[in-house]
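>>> this one's sequence-less:
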């Protein structure tokens, strides 16, 4: 079968690989649609980050080259021995977590904080940029009626956004700033609307993404190339916002996020970083602000799909391009590097 494999930065190849067979407790999925994630783009431009190179990943036991793709939907093609919750023909999405199951975080149910955290489609074990893939039954979720396969490919990134808002100190009626209106940033805007935000100020350079942020419920969008984003936020809200979400991965933006919050405010770091970022600790200390990171999601996929049924996190609003697997590099990764107007690109799985 065809699959897109990561060999090294700027080297992703569509090749023929063996079609997987489900073992005990595993589910074989015929992939339908897979989104290109910001994490995938980081791996393409500056990886490896999550991709195991040199030594195998402790959970997948694989090393690059590995099949990519972790935002995907599909249909159950076959099940292994012991699988009872799913059957062939079920429409599903995959929570692409690789976790050891026995570290302290895993034992306490916080599997996204696993000491050996990895992702199916980033850390080995197969991936969504292929015709078929195999995952453990635990990580497969049935899609509700009415949810399309394209919509299913957005469940994973929407889960990132909803989890980020859930782990923050944000309260209904509160105010927020979102720095970066890429796919995750836009989904954070929607998650904040779900959570009852009174004001959401977005900081974004791209005119197209700025327009989309307003369409999805942002109160205002600030272009940091034209005005001081922090001062503008403070003009809107005396003292700053309750919570700021950093969703750019740009080092200079982290300090701006902190400065945009009020005393005892909070900054949530959602991005995956390619390089270090410097901050002045006194800006945290002197206002008793909080700085918190968030990774992936846990126990949130069903809630995301319920919200999608209600109309949130709509693929029609967020998907800007659909491509074939053979075109994933020129029409997918290279397009995302060159065109900041793109939001979410979906890749159709080969038959």
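Structure received. Since we're looking at a predicted model, the values are computed, not measured. Residues are numbered from 1 along each chain as shown.
>>> ok, the residue sitting furthest away from the middle of the chain to residue 259 distance?
Within the chain, the residue lying farthest from the chain centre (C-alpha atoms, centre = their mean) is residue 286, at 32.7 Å. Separation of residue 286 from residue 259 (C-beta to C-beta, to the nearest Å): 12 Å. In short, each C-beta sits where N, CA and C put it, glycine included.
>>> do the same with residue 246
12 Å.
>>> okay, those two: which has more neighbours?
Shown here are residue 246 and residue 259; by other C-beta atoms under 10 Å, residue 246 has more neighbours (29 against 22).
>>> report the beta-bridge partners for that one.
residue 179, residue 269 (DSSP bridges).
>>> contacting residues for it?
Taking C-beta atoms under 8 Å, 6 or more residues apart in numbering, we find residue 246 in contact with 179-180, 253-254, 257, 267-271.
>>> pLDDT wise, what is it at?
You'll see residue 246 listed with a pLDDT of 98.
>>> which of the helices or strands spans the residue nearest to residue 153 when sequence neighbours are not counted?
Among residues not flanking residue 153 along the chain, residue 33 sits closest, at 4.2 Å (C-beta to C-beta, 6 or more residues apart in numbering). Assigned by DSSP states H and E, residue 33 belongs to strand 26-35.
>>> same deal with residue 158?
Per DSSP H and E: helix 155-167 holds residue 158.
>>> now that helix and strand 26-35, what's the angle there?
Helix 155-167 and strand 26-35 meet at an angle of 90 degrees, taking axes from the mean of the first three to the mean of the last three C-alpha atoms, to 10 degrees as the criterion.
>>> what's the average pLDDT for helix 155-167?
Taken as a whole, helix 155-167 has a mean pLDDT of 98.
>>> list the buried residues in it.
155-166 (16 or more other C-beta atoms under 10 Å).
>>> what stretches of the stretch 101-250 of the chain score poorly on pLDDT?
Applying pLDDT under 70 to the stretch 101-250 of the chain picks out no residues at all.
>>> surely residue 321 meets residue 347?
No. Assessed by C-beta atoms under 8 Å, residue 321 is found out of contact with residue 347, at 9.6 Å.
>>> which of the two has more residues huddled nearby?
With neighbours defined as other C-beta under 10 Å, residue 321 and residue 347 compare such that residue 347 has more, 28 against 16.
>>> next, the contact list for that one, please.
4, 33-36, 69, 128-129, 322-325, 328, 332.
>>> so it sits in a strand?
Yes. Checked against DSSP: H, G, I helix; E, B strand; the rest coil, residue 347 lies within a strand.
>>> not counting sequence-adjacent ones, nearest residue to residue 139?
Nearest residue to residue 139 in three dimensions, chain neighbours excluded: residue 95, at 4.6 Å (C-beta to C-beta, 6+ apart).
>>> residue ranges for the helices of the stretch 201-350 of the chain, please.
207-215, 229-236, 251-259, 282-285, 301-309, 315-318, 334-338 (DSSP state H, counting those that start in this stretch).
>>> just those: most buried one?
Mean neighbours per residue, mean count of other C-beta atoms under 10 Å, is largest over the helices of the stretch 201-350 of the chain for helix 251-259, with a mean of 20.
>>> and the angle from that helix to helix 229-236?
Interaxial angle, helix 251-259 versus helix 229-236 (the same axes, to 10 degrees): 20 degrees.
>>> off-centre distance for helix 251-259?
Mean C-alpha position of helix 251-259 versus that of the full chain (C-alpha atoms, centre = their mean, to the nearest Å) differs by 21 Å.
>>> swap in stretch 210-225?
Relative to its chain's centre, stretch 210-225 lies at 20 Å (C-alpha atoms, centre = their mean).
>>> what's the span of it from first residue to last?
Length of stretch 210-225, first residue to last, C-alpha to C-alpha, to the nearest Å: 13 Å.
>>> start the count at 48, not 1, going forward
Yep, numbering from 48; the last one is stretch 257-272 now.
>>> just the residues contacting it, thanks.
225, 228, 232-233, 236-237, 239-240, 246-252, 276, 279-280, 283, 303, 364-365, 390.
>>> if you set the cut-off to 7 Å instead, what comes out?
228, 233, 236-237, 240, 246-252, 276, 279, 283, 364, 390 (C-beta atoms under 7 Å, 6 or more residues apart in numbering).
>>> distance of the residue nearest to residue 352 when sequence neighbours are not counted from residue 145?
Of all residues not flanking residue 352 in the chain, residue 191 sits nearest, at 5.6 Å (C-beta to C-beta, 6+ apart). Residue 191 sits 26 Å away from residue 145 when distances are taken as C-beta to C-beta.
>>> what does residue 220 give?
Going from residue 220 to residue 145 by C-beta to C-beta gives 38 Å.
>>> residue 161 now?
8 Å.
>>> same thing with residue 170?
Distance from residue 170 to residue 145, by C-beta to C-beta: 5 Å.
>>> same question for residue 233.
Distance, residue 233 to residue 145, by C-beta to C-beta: 27 Å.
>>> please apply the same query to residue 168.
The value you get for residue 168 to residue 145, if C-beta to C-beta is used, is 10 Å.
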